[in-house]
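> Requesting a structural model of the entry that follows:
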Amino acid sequence: MLVAFSVAPSGAGDSDSVSAAVAEAVRIVRESGLPHETNAMFTTVEGEWEEVMDVVRRATEAVSARAPRTSLVIKADIRPGHTDQLREKVERVEQQLEGGS
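Predicted structure coming up:
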C-alpha cells in the first residue's frame with residue numbers, strides 16, 4: 001500500500017515556519033527503512049498496513065510534541081499483492097506520455 005501524508009504543527013510560536021517539526025516527522029519516515037519519497041506537500045510511504053500506519057502515527061506524535069495542535073492529511077492506495085508502486089506508478093504515466101501503451 002502507498003500512503004501519502006502531510007503532518008504539520010498548528011498554533012505554535014511566533015513563526016509561520018513548520019520546517020523543524022516537519023523535519024522530525026521526515027526523520028522518522030527515513031529511519032523506518034520503508035520506501036518513501038518526500039516533496040513540498042506530502043511524504044509517501046510504501047509498505048504493509050501495520051508498518052506504514054505505525055510510521056504515520058509516530059511522525060504525527062513527533063510533530064504533536066512540538067505544538068498544541070496538529071494537522072494531519074492522509075491519502076492511501078490500498079492494492080494488495082502489488083509492491084514497488086512508488087516507482088512503477090510514475091513509470092506507467094511516463095510511458096503514456098512517451099506515446100507507449
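> Tell me which residues of the host helix or strand of R57 come out buried.
R57 is part of helix 49-64, with elements assigned from DSSP states H and E. Neighbour-count burial for helix 49-64 flags V52, M53, V55, V56, A59, T60, A62, V63, S64 (criterion: 16 or more other Cβ atoms under 10 Å). Placement of C-beta: from N, CA and C, glycine included.
> Quick one: name whatever helix or strand follows that helix.
strand 69-77.
> who does the next helix-or-strand element following that following strand touch, helix- and strand-wise?
Downstream of strand 69-77, the first helix or strand assigned by DSSP H and E is helix 85-97. Contact analysis of helix 85-97 by 3 or more Cβ pairs under 8 Å, 6 or more residues apart in numbering; DSSP states H and E lists strand 2-10, strand 43-46 as its packing neighbours.
> hang on, the earlier thing: from the buried residues of helix 49-64, pick the one nearest R87.
V52 (16.3 Å; Cβ to Cβ).
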